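> compute the structure for the input listed below.
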Amino acid sequence: MIVLDESPARTFLEGLSGQLPTQPDAILLFSAHHDEAIASVTASASPGTIHDFGGFPAALFAMIYPAPGSPTLASDVAALLDKAGIASRLDDARGFDHGAWTPMMLAWPQATIPMVQLSVNSHQSPEYHYHLGQAVAPLRDRNILIIGSGAMTHNLKAFFRGGLAATADTESWVSAFTDWVDATLQAGDIDTLLSIKTRAPHGHDNHPTDEHILPLFAALGAAGPHPKATKLHSSVDHAVLAMDAWRFD
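As a prediction, this is how the structure comes out:
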């Protein structure tokens, strides 16, 4: 609903491209909604828009994000994964899921920058995703922006159960988790961060399943061995959905 409803996170995303020192020549995006057992790389030259949800307004189903894909970039991603010993496959049929097109529609509405998605694997560890990011890190030297699209907290049962207003006060178990992530990222303590589900307060409460936190580790891995973490945005929707955004250099 972020592309329909006004919110602080929407305002942030609408201004995201202006915060970059240069516009990327292409984007590689890890989405929580692209979850595969083997690393999957979208390889279509013209990916479709996937409406992978139900029960939402018709306006969402009418939206398309016609950004081009890049078969060449997809092949380069697969080659980097192979070099790192990570099995992968090219998927020339898959389009952009809503974990990709909803933020991109706000950040780059012109839809002219080529984009390729690389899947997460919810049955794999944070360490696996950190290595996934390390494998594709050389793409940054080609002015390719690497994005992890997930959610800092993502307990939908609490969201639907709560009946909470969009601006309701943040639940204490959410702020305890995000405060821990903030401190750990700012300290550059990657080893501790990789144990987020067991070491962070209320790790399981905020992520009953792992797929929405895994893009964080891929983006972090792509930033190099000693990344500088900069918090770009912080907000919470409906008391339980933290929409934090970080940049890693």
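
> now do the end-to-end distance for stretch 178-195.
Start to finish, the residues bounding stretch 178-195 are 14 Å apart (CA to CA, to the nearest Å).

> which residues does that stretch contact?
By CB atoms under 8 Å, 6 or more residues apart in numbering, the list of residues contacting stretch 178-195 from outside reads 125-127, 130, 152-153, 196, 199-201, 217, 220, 226-229, 231, 234, 236, 242, 244, 246. Placement of C-beta: from N, CA and C, glycine included.

> any idea which helix or strand in the protein has the lowest mean pLDDT?
Lowest by mean pLDDT, DSSP states H and E among the helices and strands of the chain is helix 156-162, with a mean of 73.

> now for that one, which elements pack on it?
The helices and strands touching helix 156-162, judged by 3 or more CB pairs under 8 Å, 6 or more residues apart in numbering; DSSP states H and E, number zero.

> just the CA trace of that helix, in CSV.
Once side chains and other backbone atoms are set aside, the C-alpha atoms of helix 156-162 remain, and they are given as CSV (Å, rounded to 0.1, in the frame of the first residue of the first chain):
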residue,chain,number,x,y,z
LEU,A,156,2.0,-9.5,9.9
LYS,A,157,0.0,-11.4,12.5
ALA,A,158,0.6,-8.6,15.0
PHE,A,159,-0.3,-6.1,12.3
PHE,A,160,-3.6,-7.8,11.4
ARG,A,161,-4.4,-8.6,15.0
GLY,A,162,-3.7,-5.2,16.4
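
> for the longest helix seen in the chain, buried residues please.
Longest helix in the chain by number of residues (criterion: DSSP state H): helix 172-187. Buried positions in helix 172-187, judged by neighbour count with 16 or more other CB atoms under 10 Å: 174, 175, 177, 178, 180, 181, 182, 184, 185.

> just to revisit the earlier point, what about the contacts of stretch 178-195, which are in helices?
Applying DSSP H to those, the entries found in helices are 126, 127, 130, 196, 199, 217, 220.

> and the pLDDT at the residue nearest the centre of the chain?
Per CA atoms, centre = their mean, the C-alpha nearest to the average position across the chain is that of residue 149, at 1.2 Å. As predicted, residue 149 sits at a pLDDT of 97.

> hang on, isn't it packed against residue 32?
Yes - distance between residue 149 and residue 32: 6.6 Å, which falls inside the contact criterion (CB atoms under 8 Å).

> stretch 236-244: end-to-end distance?
Using CA to CA, one end of stretch 236-244 lies 8 Å from the other.

> who's in contact with that stretch?
Stretch 236-244 has contacts (CB under 8 Å, 6+ apart) with 7-9, 12, 151-155, 158-159, 162, 164-166, 168-171, 174-175, 177-178, 181, 206, 231, 233-235.

> return the set of buried residues in that stretch.
Judged by neighbour count using 16+ other CB under 10 Å, the buried positions of stretch 236-244 are 236, 237, 238, 239, 240, 241, 242, 243, 244.

> please, where are all the strands along the chain?
Secondary structure of the chain (DSSP state E): strands at 26-31, 39-42, 88-91, 115-117, 144-149, 229-233, 236-237, 241-242, 245-248.

> just checking, what packs against the fourth one?
So the one you mean is strand 115-117. The helices and strands touching strand 115-117, judged by 3+ CB pairs under 8 Å, 6+ apart, are strand 26-31, strand 39-42, helix 71-83, helix 98-107.

> make CSV out of the buried residues of helix 172-187 and add pLDDT and distance to residue 66.
Putting the buried residues of helix 172-187 into CSV (pLDDT from 0 to 100; distance: CB to CB, whole Å) gives the following:
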residue, pLDDT, distance to residue 66
174, 95, 35
175, 96, 39
177, 96, 36
178, 97, 34
180, 97, 40
181, 97, 34
182, 97, 36
184, 96, 38
185, 96, 34
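
> between the residues you listed, which sits nearest residue 136?
residue 185 (20.1 Å; CB to CB).

> model confidence for the residue nearest to residue 130 when sequence neighbours are not counted, exactly?
By the measure of CB to CB, 6 or more residues apart in numbering, the closest residue to residue 130 outside its immediate chain neighbours is residue 221, 4.0 Å from it. In this model, residue 221 is scored at 97, pLDDT.
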